[in-house]
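In: Just the structure for this:
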Amino acid sequence: MEVGLNKLEGIMILTLKGRSDASNTSKMEAICEKLIASQEKNILIDCTQLEYISSAGLRILLKMAKQVKKDFGKIAVAHMNEHVRQIFQISGFIELFPAYDSVLEGLNCFHPKK
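Out: The predicted structure follows:
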């Protein structure tokens with residue numbers, strides 16, 4: 001699994017690539033903890049290249065989401081493939097994370113139209 005960070009217009013984009021399972025989530029967890037510590041308020045999780053996410057990966061995202069929301073921030077996911085979307089739906093995470101079809105739509109959710 002590869003994890004990347006990029007900040008665009010005040011929004012931190014967390015890019016997940018490959019397969020996230022119990023054997024390889026340590027890097028993802030370290031980066032998410034860093035985001036929590038730095039008190040990032042707006043985080044978009046880019047799932048464009050995410051092939052699979054296990055309960056271990058979901059747990060890390062949930063922990064980050066709880067802290068972001070506690071600090072009055074916003075977190076969303078974007079561009080999930082059908083398999084990843086199913087995992088989010090079955091686990092109930094689709095109710096916790098606003099989901100967008102594209103990264104651009106996800107970015108736009110942080111800038112409400114007047």
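
In: Every contact and neighbour count from this point should use C-alpha atoms.
Out: Noted.

In: And the next helix or strand past the longest helix seen in the chain?
Out: Looking across the chain with DSSP state H, the single longest helix is helix 55-70. Using DSSP states H and E, the helix or strand that follows helix 55-70 in sequence is strand 74-78.

In: what's the spacing between that following strand and its chain's center?
Out: 6 Å (CA atoms, centre = their mean, to the nearest Å).

In: The longest helix of the chain packs against which elements?
Out: Judged by 3 or more CA pairs under 8 Å, 6 or more residues apart in numbering; DSSP states H and E, helix 55-70 is in contact with helix 26-37, strand 74-78.

In: any idea how far it is from the chain center?
Out: 9 Å.

In: can you check stretch 36-48 too?
Out: With CA atoms, centre = their mean, you get 7 Å for stretch 36-48.

In: mind listing what's buried in that stretch?
Out: By 16 or more other CA atoms under 10 Å, the buried positions in stretch 36-48 come out as 36, 40-48.

In: and these as a markdown table, adding pLDDT?
Out: Formatted as a markdown table, the buried residues of stretch 36-48 follow (pLDDT from 0 to 100):
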| residue | pLDDT |
| --- | --- |
| Ile36 | 91 |
| Glu40 | 92 |
| Lys41 | 91 |
| Asn42 | 95 |
| Ile43 | 97 |
| Leu44 | 98 |
| Ile45 | 97 |
| Asp46 | 98 |
| Cys47 | 97 |
| Thr48 | 97 |
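
In: Fine, thanks again, bye for now.
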